[in-house]
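1. 3D model of this:
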Amino acid sequence: MLYGEVPDLSNLKVFRCLSNASTLPINRHKFDSRAKKCAFLGYKSGIKGFVLVDVYTSEIVVSRNLKFFDMEFPFHSSSVTIVPSTHIYLDSQVTHTVLEDYDEVPHEDSNSDTEERDIEVVPVSTRKSSRSSQAPTYLQDYVCSSTSGHYPMANFISYSALSPKHLAFAYSLNTEIEPTSYLSRSKDSRWLTTMQTEIEALNANHTWDFVDLPSYAIYIGSKWVYKIKRHANGTIERFKARLVAQGFSEAEGLDYFETFSPVVKLSTIRVLLALASIHGWYLHQLDVNNTFLHGDLHEAVYMKVPQGVIPPKPSQVCKLLKSLYRLKQANRQWFEKLTQFLYAQVFTQATADHTLFTKITTTSYTLVLVYVDDIILAGTCLKEFDSLKQALNTAFHIKNLGELKLFLDLEVARSS
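-> Next comes the predicted model:
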């Protein structure tokens, strides 16, 4: 023996013997038969099942739930010509595959065992569907094309009711279009200046080191995302370019472990605003610049060198030391860094909502509510606000937005 043991021949069956193949419950009614009368033809590569032919319909069948009768041959007494069919019945445990390998099936002639008959294969002509295509139901309430179709949008939209400022803003959206790739704006001096500023900020933050990629590691990609900031009248305020990592290619357990980051509850915001109104607390708002760039990475994450950046060696990659936008762990790392900072400022984290921090002294009461990069300060002492703002600006570089006006689509207005 080749392998030193007796081979298993239990799956070898007699060619063209009778076999009853079980039918699927979804293909039969209550009073239909539970099996099909078939003849065994052989085996199909890559499929764990037997290839059969239906005795009555000449359909090719693949099934693994069947019973063989080795001494009975349904085609022994009559000649049967089998025309290839694309209709395939499959067992529930067999992969759906179209069998196209059976151009002909040997058969016997009752009058002569030596006479051979030619089997004519009937070609199956493909037919194009005559049904009219329709849009999905979820798009019925939308106009999907503005330039073509029976009802173009230009025939029904009018800008006459817009105010002059809003009209100027609407027209400005078509004058300058945001680029979608680096190559489309690699020669535009405005975007080049913006990208250079972003790279300098990343280098100042010591976001990465240039290293040789280890043999066991796989790097992730990066991409430039462009945005045009506009004033209310439509004029361009500034061009913004942001480098983001392609975090969708990160591998769990290798590039990251935990991604959860708490988010402020809406009920907490409402309670805070109600208490501020009752007790007359001050409400200020802050915004953190380059939020996710402040988080420290504990995992070894390697990223392809961004477009526009020249490494010391051509084959080197960036080993990230700080979190970057669109990394799966970026939110968690930033919140962890901010939490450590607030602990150092003698703040206490609430147990009911982990995004709420409080600080109580003999002369003041201060609350900090965090939603990613938006921070609300509530309290009784403006001097405490000023010292906290200065400390936050030293650590993270913040924007002081003054009194609270808008937070998570909640507009706040204080009466006199």
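
2. which residue ranges form the helices in the stretch 151-300 of the chain?
-> 164-175, 189-204, 266-279 (DSSP state H, counting those that start in this stretch).

3. okay, now the unreliable bits of the stretch 251-400 of the chain?
-> When residues are selected by pLDDT under 70, none of them lie in the stretch 251-400 of the chain.

4. correction: the stretch 51-200 of the chain
-> Scanning the stretch 51-200 of the chain for pLDDT under 70 picks out 76-128, 142-154, 156, 184-186.

5. so this protein: which segments form each domain?
-> Split into domains by automatic domain parsing, the chain comes to 1-124, 178-411.

6. re the thing from before, to N233, which of the helices of the stretch 151-300 of the chain lies closest?
-> helix 164-175 (5.2 Å; CB to CB). (Each C-beta comes from the backbone N, C-alpha and C, glycine too.)

7. quick one: residues in contact with the closest one.
-> Y159, L162, R230, A232, N233, G234, T235, I236 (CB atoms under 8 Å, 6 or more residues apart in numbering).

8. buried subset of the residues you listed, written for ChimeraX?
-> Selecting only the buried entries of the contacts of helix 164-175 in ChimeraX, with 16 or more other CB atoms under 10 Å as the criterion:
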select :234
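
9. confidence-wise, which of the contacts of helix 164-175 comes last?
-> Among the contacts of helix 164-175, A232 carries the lowest pLDDT, at 68.

10. picking up where we left off before, so which of the domains of the chain comes closest to R131?
-> Among the domains of the chain, domain 1-124 sits nearest to R131 (CB to CB), with 19.7 Å.

11. ok, now how distant is the residue nearest to the spatial centre of the chain from Y226?
-> Most central in the chain under CA atoms, centre = their mean is F248, positioned 7.4 Å from the mean C-alpha point. F248 is 20 Å from Y226, where distance means CB to CB, to the nearest Å.

12. then Y138?
-> 30 Å.

13. who's more crowded, the two?
-> Between Y138 and Y226, counting by other CB atoms under 10 Å, Y226 is the more crowded of the two (20 against 7).

14. right, and that one touches S181 too?
-> No - in this structure, Y226 is not within contact of S181 by CB atoms under 8 Å, at 9.0 Å.

15. follow-up on the earlier one: tabulate the helices of the stretch 151-300 of the chain (a markdown table), appending distance to R131.
-> Shown next, in a markdown table, are the helices of the stretch 151-300 of the chain (distance: least, CB to CB, whole Å):
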| stretch | distance to R131 |
| --- | --- |
| helix 164-175 | 38 |
| helix 189-204 | 47 |
| helix 266-279 | 47 |
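
16. re the thing from before, nearest to R190, of the contacts of helix 164-175?
-> Nearest member of the contacts of helix 164-175 to R190, counting by CB to CB, is I236, at 9.2 Å.

17. am I right that that closest one is in contact with R230?
-> Yes - using CB under 8 Å, I236 is in contact with R230, at 5.8 Å.

18. and the contacts of stretch 225-234?
-> 165, 168-173, 176, 178-180, 185, 191, 236-244.

19. drop anything exposed from these.
-> Using 16+ other CB under 10 Å as the burial test, the contacts of stretch 225-234 include F169, S172, P179, R185, W191, F239, A241, R242, L243, V244 as buried.

20. buried stuff in the helix or strand containing N393?
-> Per DSSP states H and E, N393 falls inside helix 382-396. Across helix 382-396, burial judged by 16+ other CB under 10 Å covers E384, F385, L388, K389, L392, F396.

21. identify the residues contacting the fifth one.
-> Applying CB under 8 Å, 6+ apart to L392 gives the contacts L286, V288, F341, I375, I398.

22. which of these lies closest to W208?
-> V288 (20.6 Å).

23. who does that closest one bridge with?
-> I398 (DSSP bridges).

24. tell me the SS of P314?
-> Reduced to three states with DSSP: H, G, I helix; E, B strand; the rest coil, the structure at P314 is coil.

25. look up how far S249 lies from it.
-> Counting by CB to CB - P314 and S249 are separated by 22 Å.

26. who's more crowded, those two?
-> Between P314 and S249, S249 has the larger neighbour count (other CB under 10 Å), namely 11 against 7.

27. any idea how far the closest residue to the more buried one other than its chain neighbours lies from A245?
-> Of all residues not flanking S249 in the chain, I220 sits nearest, at 4.7 Å (CB to CB, 6 or more residues apart in numbering). Distance of I220 to A245, given as CB to CB: 6 Å.

28. which of the two has more neighbours?
-> A245 (25 against 22).

29. right, and the more buried one touches K322 too?
-> No - with contacts counted by CB under 8 Å, A245 stays clear of K322, the gap being 11.0 Å.

30. for A241, what are its contacts?
-> A241 touches W191, T194, M195, T197, E198, W224, V225, Y226, K227, counting by CB under 8 Å, 6+ apart.
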